[in-house]
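> Structure for this input, please:
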Amino acid sequence: MTDAAHSGRVFYCPNPSPRHPMKNPGMNIRHPKARGEWAELRFMLRATELGFCVTKPWGDMAPFDLALEHHGHFARVQVKCTIFHRGHSYKCHLDSNGIPYRPHQIDFFAAYVIPTNSWYILPLKATNHQPDILLTPHRPKSKYWKYQEAWHLLKR
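Numbers count the residues shown, from 1 in each chain. As a prediction, this is how the structure comes out:
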């Protein structure tokens, strides 16, 4: 595919059959930017279902992908996603072209592990500004376990 094929923001993931829907259509999105945009849409849907007001900044100049509002409190969120296995974990990149995010830019990462359909809501300080982290959705004693599906953190 050419870059022009990825310039729009419309996603189509065909179901092979109504009897056998895709379990996780995000696994079929090969272009990283398109996969990231798909993850943002998934995040916006989930956040809206949970009662957040979701705002997307115009253009690509903001250091955050979305802002959430809940009862007058705002949170700046950078959405990341991964499909990359590392042993029993998934490697998730948390930087922006090699530059770590800072507290004046974002409040949270929303990291989506596509193969397991798992969200991690990570306060920026919990990542210690590391460029990469390992997420292990099926291991309760893993380092970031307490942030898995921790949507309540965004309501503060």
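> show me where pLDDT drops low in the chain?
Within the chain, the stretches with pLDDT under 70 are 1-23.
> go with 80
Within the chain, the ranges that satisfy pLDDT under 80 run 1-25, 156.
> separation between the closest residue to H73 other than its chain neighbours and C53?
Nearest residue to H73, sequence neighbours excluded (CB to CB, 6 or more residues apart in numbering): R156, at 6.5 Å. The way it works is simple: take the backbone N, C-alpha and C, and place the C-beta from them, glycine included. According to CB to CB, to the nearest Å, R156 stands 15 Å off from C53.
> ok, L134 - contacts?
86, 89-92, 143 (CB atoms under 8 Å, 6 or more residues apart in numbering).
> Please, where are all the helices along the chain?
32-49 (DSSP state H).
> Give me the distance between the strand ranked longest in it and the centre of its chain.
Longest strand in the chain by number of residues (criterion: DSSP state E): strand 73-82. Counting by CA atoms, centre = their mean, to the nearest Å, strand 73-82 is centred 7 Å from the centre of its parent chain.
> can you give me the strands for this protein?
53-55, 66-70, 73-82, 85-86, 89-93, 95-96, 99-100, 108-113, 118-123, 132-135.
> May I have the third one as CSV, with CA atoms only?
I take that to be strand 73-82. This file holds the C-alpha atoms of strand 73-82, laid out as CSV (Å, rounded to 0.1, in the frame of the first residue of the first chain):
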residue,chain,number,x,y,z
HIS,A,73,-11.4,17.1,35.9
PHE,A,74,-9.2,16.8,32.7
ALA,A,75,-6.6,14.2,31.9
ARG,A,76,-4.2,14.3,28.9
VAL,A,77,-3.8,10.8,27.4
GLN,A,78,-1.3,9.4,25.0
VAL,A,79,-2.6,6.1,23.4
LYS,A,80,-0.1,3.4,22.6
CYS,A,81,-0.7,-0.1,21.3
THR,A,82,1.4,-3.3,20.8
